[in-house]
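J.: turn this into a structure:
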Amino acid sequence: MPLKRWARVIILILLPVAADARDLRFISVGAAPWAANGDAPVGAFPDLVRHIEQRTGHAITISLQPFARVERDLETGEQDCGILMWSDTRSHLVERGEAVYPMPFGIVARRGLRLASYDDLSRLTISIIRGLSIHPRFDGDGDLRKDFDKDYQTGLQKMARGRLDAIAGALPTIAYLADQQGYADILGDRLVLTTIPLVLQCSRRSANLDVMPDLNQAIRAMAADGTIARVMADNHYQ
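T.: Numbering: from 1, shown residues only. Prediction:
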């Protein structure tokens, strides 16, 4: 095919993408290895977003914030979408999209303490991030001794100093942070309470809600061709 004809074909292919491309804002929780700020955001979330950009043609700006800020920005429409743990309590704020990864949640105890069943939790003082829901039984259990902290790092530091017995939350994240901070040796038994999917969620107040089918299609394709599995494995989610 002559060069000029190739050029016309390429232009015809690219024009619809350029015409429909949007500038989107994605938000998620800043917690390594899911996501962390540096010279540029790094981790599984930024890597996934880059693949979504490539497949959709949309330009996506990333914001990493504490959990409470994430939900507020989606409620107001300041952020278009995020990939977050799904919660039915957020369903009036966002449209639910494709699931990305099944995150195991539960409790990890300090080494040397027994944690074989839920009943063992009654003897422990447990760190939990304020506002984080894990499992209905655990969330509503007023008999447990819960120490509310702003992040997992605080809980690990307290555990290292003997000030608490266990940490509740996303088990891969806790294990990664413990390894990075030199606390891996203090972690012992763990109890999985549930698996919560990380899901694409777009604000009902977003001016770009109509592009959600594009994003969902990209995620489905990434799951089918193994991209998501590779990204998660590369970022310590085994």
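J.: any figure for the gap between S87 and G169?
T.: Using CB to CB, to the nearest Å, we find S87 at a distance of 14 Å from G169. Just so you know, the C-beta spots here come from the backbone N, C-alpha and C atoms, and that holds for glycine as well.
J.: those two - which one has more neighbours?
T.: Under the criterion of other CB atoms under 10 Å, the comparison of S87 against G169 puts G169 first, with 24 against 15.
J.: if I pick the more buried one, what's in contact with it?
T.: Counting by CB atoms under 8 Å, 6 or more residues apart in numbering, G169 touches F105, I128, I129, L132, I134, Y152.
J.: tell me which of those residues fall in strands.
T.: Within the contacts of G169, residues falling in strands by DSSP state E are F105, I128, I129.
J.: and the strands in the protein, which stretches?
T.: Under DSSP E, the chain gives strands at 23-29, 59-65, 81-85, 94-110, 125-129, 145-149, 166-170, 187-203.
J.: next one: the residue nearest to the spatial centre of the chain from P102, what distance?
T.: Nearest to the geometric centre of the chain sits L84, at 4.4 Å (CA atoms, centre = their mean). As judged by CB to CB, L84 and P102 stand 14 Å apart.
J.: again, but for A44
T.: 13 Å.
J.: looking at these two, which is more packed in?
T.: Taking other CB under 10 Å, A44 and P102 do not tie; A44 has more neighbours (25 against 11).
J.: got phi/psi on the spatially closest residue to the more buried one that is not a sequence neighbour?
T.: With sequence-adjacent residues excluded and distances taken as CB to CB, 6 or more residues apart in numbering, A44 is closest to N235, at 3.9 Å. Per-residue torsions, N235: phi -110, psi 30 (degrees, to the nearest 10).
J.: what sits against T173?
T.: By CB under 8 Å, 6+ apart, the neighbours of T173 are A31, A32, P33, W34, Y152.
J.: could you rerun that using 10 Å?
T.: V29, A31, A32, P33, W34, M103, F105, Y152, H236, Y237 (CB atoms under 10 Å, 6 or more residues apart in numbering).
J.: among those residues, who's most crowded?
T.: Neighbour count (other CB under 10 Å) singles out W34 as the most crowded of the contacts of T173, with 27 neighbours.
J.: measure that residue to T173 for me?
T.: From W34 to T173 the distance is 6 Å (CB to CB).
J.: go on, Y237?
T.: Taking CB to CB, one finds Y237 at 9 Å from T173.
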